[in-house]
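1. show me how the following folds:
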Amino acid sequence: MKQLVALALLGCLLALIAASPLRASELNPTLEELEAEVMCPTCEAPLNRSHAPAADRIRAFITSRIERGDSKTEIKEQLVLEFGERVLASPSRSGVNTILWALPLVGIVGAGFLVYLLIRRSYRARAVRAALSGDGLDPTLERRIDDELSRFDRS
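-> Now for the predicted structure:
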């Protein structure tokens with residue numbers, strides 16, 4: 001039990017350590033970060049790969065907002081207001097998009113559960129067949145088990 005509590009505390013500590021750089025990135029974004037997370041509305045490529053005039057205007061907008069001290073979220077919200085949700089490289093995690101974020105996770109968990117059920121069914125079927133066939137244990141193994149049980153009874 002103590003090991004479980006220690007592992008839980010260690011997990012929480014690691015989560016806090018991992019969250020620190022994310023928070024710093026949120027409050028002090030860089031142009032390079034946002035270029036990878038924003039799409040060019042003209043060519044629909046990530047901003048860091050686009051050479052379209054619209055991409056240059058968005059870069060200038062992002063740079064000016066960074067200089068004003070805006071957070072990453074504030075900058076993205078302004079871009080969404082101007083260009084729509086399609087300007088983001090990954091959809092927001094609200095509304096209908098929540099389903100898009102959750103769908104792969106549900107699929108993975110569902111597939112894992114299905115595999116678990118199939119394996120469990122296979123083992124049970126094998127156990128039932130062995131019980132119905134009347135085949136006991138290997139005589140040598142059965143003799144060893146009897147010896148161990150009798151030795152256990154004596155002690």
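
2. how about the helices in the chain?
-> Using DSSP state H, the helices assigned to the chain run over residues 2-27, 31-37, 53-68, 72-83, 97-133, 139-154.

3. hey, least reliable of those helices by pLDDT?
-> Ranked by mean pLDDT, these bottom out at helix 2-27, which scores a mean of 58.

4. pipe the helices of the chain into CSV and attach mean neighbour count per row.
-> To be clear about C-beta, it is placed using only N, CA and C from the backbone, and glycine gets the same treatment. Listed next are the helices of the chain as CSV, based on neighbours: other Cβ atoms under 10 Å:
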stretch, mean neighbour count
helix 2-27, 10
helix 31-37, 16
helix 53-68, 15
helix 72-83, 16
helix 97-133, 10
helix 139-154, 9
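
5. quick one, which of those helices gets closest to Ser90.
-> Nearest to Ser90, of all those, is helix 31-37, at 7.2 Å by Cβ to Cβ.

6. any idea which of the helices of the chain gets closest to Ala45?
-> Closest to Ala45 of these is helix 53-68 (Cβ to Cβ; 8.3 Å).

7. sorry, back to before: now for the helices of the chain, which one comes closest to Cys43?
-> Set against Cys43 and scored by Cβ to Cβ, the helices of the chain come closest in helix 53-68, at 7.6 Å.

8. is Ala89 in contact with Glu35, as I believe?
-> No: with contact defined as Cβ atoms under 8 Å, Ala89 and Glu35 do not form a contacting pair (9.6 Å).

9. what sits in contact with each of those two?
-> With contacts taken as Cβ atoms under 8 Å, 6 or more residues apart in numbering, the residues that reach both Ala89 and Glu35 are Pro46.

10. one step back: indicate which one of the helices of the chain is closest to Pro46.
-> Here helix 31-37 is closest among these (Cβ to Cβ), at 6.0 Å.

11. can you show me the CA trace of the closest one as CSV?
-> The C-alpha trace of helix 31-37 is given here as CSV (Å, rounded to 0.1, in the frame of the first residue of the first chain):
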residue,chain,number,x,y,z
LEU,A,31,6.9,33.0,-33.0
GLU,A,32,8.4,29.6,-33.8
GLU,A,33,5.9,27.8,-31.5
LEU,A,34,2.9,29.5,-32.9
GLU,A,35,4.1,29.0,-36.5
ALA,A,36,3.8,25.3,-35.9
GLU,A,37,0.4,25.6,-34.4
